[in-house]
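A.B. asks: model this:
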Amino acid sequence: MKNVIVIGSGVMGSGIAMCSILSGYPTIIYDLKKEALDKAIDYIHKQLNISVEKGKISPEKKEQSLKLLSITENKNELVADFVIEAILENLQIKRELFQHLETINSAESIFATNTSSIPITQIASGLNHPERLVGVHFFNPAHIMKLVEVIKGAATSDEVAEKAFNWSISLGKTTVYAQDAPGFIVNRVARHFYVEALKITEEGVASIPEIDNLMESTGFKMGPFRLMDLIGVDTNYSVTNSMFEQFNYDPKFRPNRIQKQKVDAGHHGKKSGKGFYNYE
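C.D. replies: So this is what the prediction gives:
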C-alpha cells in the first residue's frame with residue numbers, strides 16, 4: 001500500500017490518520033465540513049506535540065509525519081490503495097459510501113470499515129465487489145490503543161483480509177482476526193461494562209464517580225463513565241442501539257435512558273465540554 005484515505009475527521013478518524021502518517025503512509029482525511037477538518041488537524045498537531053514532550057517521537061519525526069498529511073472536502077478525490085471509513089454508525093450511510101468508492105477507485109483498491117458493531121457482510125451487501133471490503137476496527141484513542149480487530153465478511157477475499165491485517169501490523173498494532181458477528185469480540189464483551197454501569201446508576205446503587213473509582217481500583221485504566229466521555233457519549237449510545245438491533249432486541253443490550261438523555265442534551269463527553277463529567 002502506498003497511500004491511505006481516512007473518511008471521517010472525528011477523534012477516531014483523526015487517530016487512525018495519525019497512526020498512518022507516523023508509519024510513513026501519505027494520508028488524506030476527508031470530511032464534508034472544512035471546520036471539522038480544521039479541528040482534526042489541530043487535534044493531530046496537539047497529540048503529536050504531546051508525543052514529542054513525552055519522548056515517544058522526535059521533533060523531526062513529527063515534522064516528517066505532518067508532511068504526509070492532507071485534507072479534502074471533495075468526495076470524488078477519495079482514490080487510494082487503502083480507504084478506511086470512520087463515520088456514523090449507520091448501515092445505509094456506510095453502504096452508500098462504499099458504493100460511491102467502487103465507482104471511482106481501481107479494482108486493486110481495498111475498502112475498510114471501522115464499524116464497531118455492524119456485520120461486514122451487511123455493509124458489503126449491494127456492492128459489485130464485496131470481496132474488497134474488510135472490517136478494520138480500531139479502539140479509541142486510535143493512536144494510543146494497541147488492539148485492532150480485522151473482520152472478514154462472508155465475501156471478503158483472503159488476500160484483502162491479509163493485506164489489511166499486514167497494514168495494521170505495520171502501524172505497530174496488536175492485530176487479531178475476529179468473526180463477522182455483531183460487536184465482533186471486544187464490543188460484544190465491553191457493552192455490558194457500560195450498560196450495567198448505567199443500570200447501577202439508574203437504580204441508585206452507587207454514584208457515577210463511585211462506580212468509576214471502584215472499577216479503576218480493580219485494575220481498569222478508566223471507569224465506564226470516564227471512558228464513555230472519552231469515546232463520545234453519543235458514539236457509545238449509537239453503538240449500543242446498533243447492537244440492540246443486531247441481536248434482535250435482546251434485553252441485555254437495551255440502551256439506557258440516562259445515556260439517551262445525555263445525548264439529547266448535547267452532553268457528548270470531552271468533545272462537547274460536558275458528559276457524565278464537566279470538562280468546561
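A.B. asks: and for stretch 240-248, what are the contacting residues?
C.D. replies: When contacts are defined by Cβ atoms under 8 Å, 6 or more residues apart in numbering, stretch 240-248 is touched by residues 89, 116-119, 182-183, 187-188, 191, 194-195, 250, 253-256, 259. The way it works is simple: take the backbone N, C-alpha and C, and place the C-beta from them, glycine included.
A.B. asks: how does it look with 6 Å?
C.D. replies: Glu89, Ser117, Pro182, Gly183, Arg191, Phe253, Arg254, Pro255 (Cβ atoms under 6 Å, 6 or more residues apart in numbering).
A.B. asks: for stretch 177-187, same thing?
C.D. replies: Contacts of stretch 177-187 (Cβ under 6 Å, 6+ apart): Ser116, Ser117, Pro119, Ile120, Thr121, Glu149, Val150, Ile151, Gly153, Met243, Gln246, Phe247.
A.B. asks: can you check stretch 3-14 too?
C.D. replies: The contact list for stretch 3-14, computed with Cβ under 6 Å, 6+ apart, reads 16-17, 20, 25-31, 36-37, 40, 43-44, 78, 80-87, 140, 142.
A.B. asks: So for it, what gets flagged as buried?
C.D. replies: Going by neighbour count (16 or more other Cβ atoms under 10 Å), the buried part of stretch 3-14 is Val4, Ile5, Val6, Ile7, Gly8, Ser9, Gly10, Val11, Met12, Gly13, Ser14.
A.B. asks: do stretch 157-166 as well
C.D. replies: Residues of stretch 157-166 classed as buried: Ser157, Val160, Ala161, Lys163, Ala164, Phe165 (neighbour count, 16+ other Cβ under 10 Å).
A.B. asks: send the alpha carbons of it over as PDB?
C.D. replies: Presented in PDB, the C-alpha positions along stretch 157-166 are these (Å, rounded to 0.1, in the frame of the first residue of the first chain):
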ATOM      1  CA  SER A 157     -11.200 -12.300   0.000                       C
ATOM      2  CA  ASP A 158      -8.400 -13.900   1.900                       C
ATOM      3  CA  GLU A 159      -5.900 -11.600   0.100                       C
ATOM      4  CA  VAL A 160      -7.800  -8.400   1.100                       C
ATOM      5  CA  ALA A 161      -8.000  -9.500   4.700                       C
ATOM      6  CA  GLU A 162      -4.300 -10.400   4.800                       C
ATOM      7  CA  LYS A 163      -3.300  -7.000   3.300                       C
ATOM      8  CA  ALA A 164      -5.500  -5.200   5.900                       C
ATOM      9  CA  PHE A 165      -4.000  -7.300   8.600                       C
ATOM     10  CA  ASN A 166      -0.500  -6.500   7.500                       C
END
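A.B. asks: Now it: average pLDDT?
C.D. replies: Mean per-residue pLDDT for stretch 157-166: 97.
A.B. asks: Nothing else from me, thank you.
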